[in-house]
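# Predicted model and sequence follow; I will ask about them next.
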Amino acid sequence: MRMADILRKVRAKQESAQQDKDKSKDEKKPVSPQPKKEEEKKAAPPSLSPIVRAYRDDKSEQPKIKSEKTEALKPADGQSRSSKVVKYSYEESLKLYEETLIMLKQLLKEDIDYLSVDINKINMQVEKIVEQMRLGNEHLLYFAFTRGFKEEDYLSYHSLNVCIYSMEIGIGLVYDKYKLHELGLLAVLHDLKMVDHKNLIKQPRKLTKEEFNKIKEHARDGAELVEKMIKGYTKIKISAITQHHERVDGTGYPNGLHGDEIDEYAKIISLIDTFEAGIHPRTYRNAYLASQALQEIINTKDKYEYRLIKILIDRIGMFPVGCIVKLSSKEIAQVIKMNYDRPMTPVVQVLFLSSGRPLKERRIIDLKKSPEVIIKRELNKEDVVKLQDKLLAKDEER
Ligand SMILES: [Fe+2]
Ligand SMILES: [Fe+2]
């Protein structure tokens with residue numbers, strides 16, 4: 001199915017759901033009003049740098065939506081999420097992400113004595129991530145999107161981001177916490193032996209067949225190593241690491257397995273591995289927009305399970321949490337939360353007025369409830385950086 005057809009279907013479904021909702025709502029209450037223009041004019045422009053710096057370095061901040069601990073919303077999707085438990089604040093989520101990242105940076109080094117690594121530490125970090133993902137912690141999804149734009153340590157970011165996004169797919173499959181934990185641990189360790197090929201990966205050129213064949217060994221080598229590292233500690237499906245480059249149409253490696261010969265965890269990691277790599281840059285290309293990365297996956301959809309692609313679209317989406325978008329109101333906004341039943345209309349936080357002027361209070365719009373505003377497009381990372389430069393220059397003029 002072409003991307004356009006999928007989008008048309010999604011939109012049609014959303015529109016009919018919205019029409020049904022609107023019918024019953026119309027008599028009861030009017031559409032929520034847009035903020036008054038006068039109020040926007042009065043807003044003093046704060047410094048802009050923290051917001052869009054996300055794509056430049058790792059010291060970025062997410063708009064402070066919930067700086068305090070908040071209660072998780074009641075789960076809409078059953079057992080996979082916990083109900084009514086306190087979830088982490090932005091700061092705590094950042095700490096969790098960064099602590100895990102430091103661990104991975106230490107692990108994904110050449111010449112490390114893997115067998116002396118305390119796998120329990122990594123396992124406990126994954127457990128914390130599971131807890132938070134089950135509570136719908138959108139901050140972790142935000143980091144998975146906005147982190148990983150630096151060339152150095154790309155492998156550590158990639159491993160952690162694949163872990164977070166894979167869990168999101170697991171939640172969509174209504175996995176319990178034990179399955180999420182197993183999936184997360186496999187995902188975070190899936191590219192352990194890519195370390196051996198770091199120099200090859202950095203080459204800004206097409207690899208030779210021999211070089212590519214060498215790289216392919218990381219799947220099997222990684223699985224063997226992880227098996228040794230976790231021996232006697234926990235039982236996980238190591239085969240998912242061996243198989244994370246297999247494709248359901250039989251075109252993957254190392255064994256050219258088909259369909260159900262491939263473990264479900266491996267199918268998830270394989271899909272997310274492609275998506276995560278797509279939305280982040282590599283030495284030989286810029287990052288793709290999320291829609292482009294999804295299009296690439298849909299173009300080769302026979303390689304992945306359709307139901308997993310559907311969950312990827314519904315839960316991570318064309319406009320993932322963290323991406324910067326242009327609205328039909330000509331405002332620039334950042335996606336802060338998904339609406340799983342209507343992935344094209346997430347919750348956004350408006351960052352700038354159409355004039356390019358920043359807002360003092362960054363207005364939040366649930367696009368699902370505001371049909372008068374739609375997302376026109378995602379801004380690419382270069383656009384975001386240019387926008388930042390322009391706005392910072394304006395700031396300095398003032
Ligand atoms: Fe890999
Ligand atoms: Fe990977």
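Cool, got the structure. Numbering: from 1, shown residues only. Ligands and ions are numbered 1, 2, ... in the order given.
# count of residues packed around the residue in the stretch 101-250 of the chain that ligand 2 sits nearest to?
Taking CB to the ion, ligand 2 has its nearest neighbour within the stretch 101-250 of the chain at D191, 4.2 Å off. From N, CA and C alone the C-beta is placed, and that goes for glycine too. D191 has 22 neighbours, counted by other CB atoms under 10 Å.
# And the pLDDT at it?
D191 is assigned 97 on the pLDDT scale.
# Test my guess that it contacts N161.
No: the pair D191 / N161 is not scored as a contact, 11.3 Å apart, by CB atoms under 8 Å.
# mind listing what L289 touches?
Residues near L289 by CB atoms under 8 Å, 6 or more residues apart in numbering: I279, E378, N380.
# To clarify, my last question referred to L225.
Y114, L192, K193.
# what residues does the stretch 151-300 of the chain put near ligand 2?
By the rule CB under 5 Å from the ion, the part of the stretch 151-300 of the chain lying against ligand 2 is D191, D273.
# follow-up on the earlier one: quick one, which of the contacts of L225 are buried?
L192, K193 (16 or more other CB atoms under 10 Å).
# if we take the contacts of L225, which one ends up nearest to Y88?
Nearest to Y88 out of those is L192 (CB to CB; 27.0 Å).
# what's the closest non-adjacent residue to the residue of the stretch 101-250 of the chain closest to ligand 2?
Leaving aside its sequence neighbours, D191 sits nearest to S159 (CB to CB, 6 or more residues apart in numbering; 5.8 Å).
# one step back: export the contacts of L225 to TSV and append columns for secondary structure.
Listed next are the contacts of L225 as TSV, based on DSSP: H, G, I helix; E, B strand; the rest coil:
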residue	secondary structure
Y114	helix
L192	helix
K193	helix
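# Distance to G136 added to the contacts of L225, as CSV?
Shown next, in CSV, are those (distance: CB to CB, whole Å):
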residue, distance to G136
Y114, 34
L192, 29
K193, 33
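# got any ranges where the protein has weak pLDDT?
Residue ranges of the chain with pLDDT under 70: 1-86, 232-234, 354-356, 388, 391-398.
# so where do the strands sit in it?
Assigned by DSSP state E, the chain shows strands spanning 70-71, 86-87, 324-327, 332-337, 347-352, 364-366, 375-378.
# and the fifth one, how far from the chain's centre?
Taking the mean of its C-alpha atoms, strand 347-352 sits 18 Å from the chain's own mean (CA atoms, centre = their mean, to the nearest Å).
# just checking, what packs against it?
Identification of packing neighbours for strand 347-352 by 3 or more CB pairs under 8 Å, 6 or more residues apart in numbering; DSSP states H and E yields strand 324-327, strand 332-337, strand 364-366.
# elements contacting the second one?
Right, the one you point to is strand 332-337. Judged by 3+ CB pairs under 8 Å, 6+ apart, strand 332-337 is in contact with helix 138-146, strand 324-327, strand 347-352.
# looking at those, which is buried most?
Most buried of those, by mean neighbour count (mean count of other CB atoms under 10 Å): helix 138-146, with a mean of 26.
# got the angle for that helix vs strand 347-352?
Comparing the axes of helix 138-146 and strand 347-352 via axes from the mean of the first three to the mean of the last three CA atoms, to 10 degrees yields an angle of 60 degrees.
# returning to what we had before: dump the helices and strands packed on strand 332-337 into JSON lines; add distance to ligand 2 as well.
JSON lines is the format used below for these (distance: least, CB to the ion, whole Å):
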{"stretch": "helix 138-146", "distance to ligand 2": "13"}
{"stretch": "strand 324-327", "distance to ligand 2": "25"}
{"stretch": "strand 347-352", "distance to ligand 2": "30"}
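# Next, the contact list for E168, please.
For E168, the contact set (CB under 8 Å, 6+ apart) comprises M133, L141, R315, I316.
# Mind checking which of those residues are buried?
Among the contacts of E168, those scoring as buried are M133, L141, R315, I316 (criterion: 16+ other CB under 10 Å).
# If we only consider those residues, which is nearest to P343?
R315 (7.6 Å).
# What sits closest to the closest one if chain neighbours are left out?
Distances taken as CB to CB, 6+ apart place G172 nearest to R315, at 4.8 Å, with adjacent residues excluded.
# Need the nearest residue in space to the closest residue to ligand 2 within the stretch 201-350 of the chain, chain neighbours excluded.
Using CB to the ion, D273 is the residue of the stretch 201-350 of the chain that sits closest to ligand 2, at 4.1 Å. Sequence neighbours aside, V162 is the residue nearest to D273 in space, at 5.7 Å (criterion: CB to CB, 6+ apart).
# That's all I had, so thanks and see you.
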